[in-house]
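>>> sequence first, predicted model second:
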Amino acid sequence: MTVRASDHAVLRYLERVAGIDIEDVRAAMEAECQNHNGAPSVRIRGARYLLRDGCIVDVLNGKVVPYWNVLQDLMRTRDGELRR
């Protein structure tokens, strides 16, 4: 049987075993993205943050540029309209 670590387990390992303060990481990410001015993607210090409705939904390597359809999806409102 193959054992697989869930995202929750990895997060708890980082927090409880590796000693990383997850809330400090969250605060740093949020602070970096405060001035994104509604953009669906922002590149800061080697990371690209993907945002939707004021929430960081993913983080990519800063060299990666998301496909246009991914950016459009991030810009859609809940009713499917593109934000302007």
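Yep, that arrived.

>>> from the chain's centroid, how far away is stretch 23-35?
With C-alpha atoms, centre = their mean, to the nearest Å as the basis, stretch 23-35 stands 10 Å off its chain's centre.

>>> what's the mean pLDDT across it?
The predicted model gives stretch 23-35 an average pLDDT of 93.

>>> distance check, the residue sitting nearest the centre point of the chain against Arg16.
Taking C-alpha atoms, centre = their mean, the centroid of the chain lies closest to Asp58, which sits 2.6 Å from it. Separation of Asp58 from Arg16 (C-beta to C-beta, to the nearest Å) stands at 24 Å. For glycine as for every other residue, the C-beta is placed from the backbone atoms N, C-alpha and C.

>>> and the strands in the protein?
Here the chain has its strands, by DSSP state E, at 41-44, 47-52, 55-61.

>>> buried deepest among the ones you listed, which one?
strand 47-52 (a mean of 18; mean count of other C-beta atoms under 10 Å).

>>> and for that one, what's in contact with it?
With contact meaning C-beta atoms under 8 Å, 6 or more residues apart in numbering, strand 47-52 is reached by 29, 32-33, 36, 39-43, 56-62, 64-66, 70, 74.
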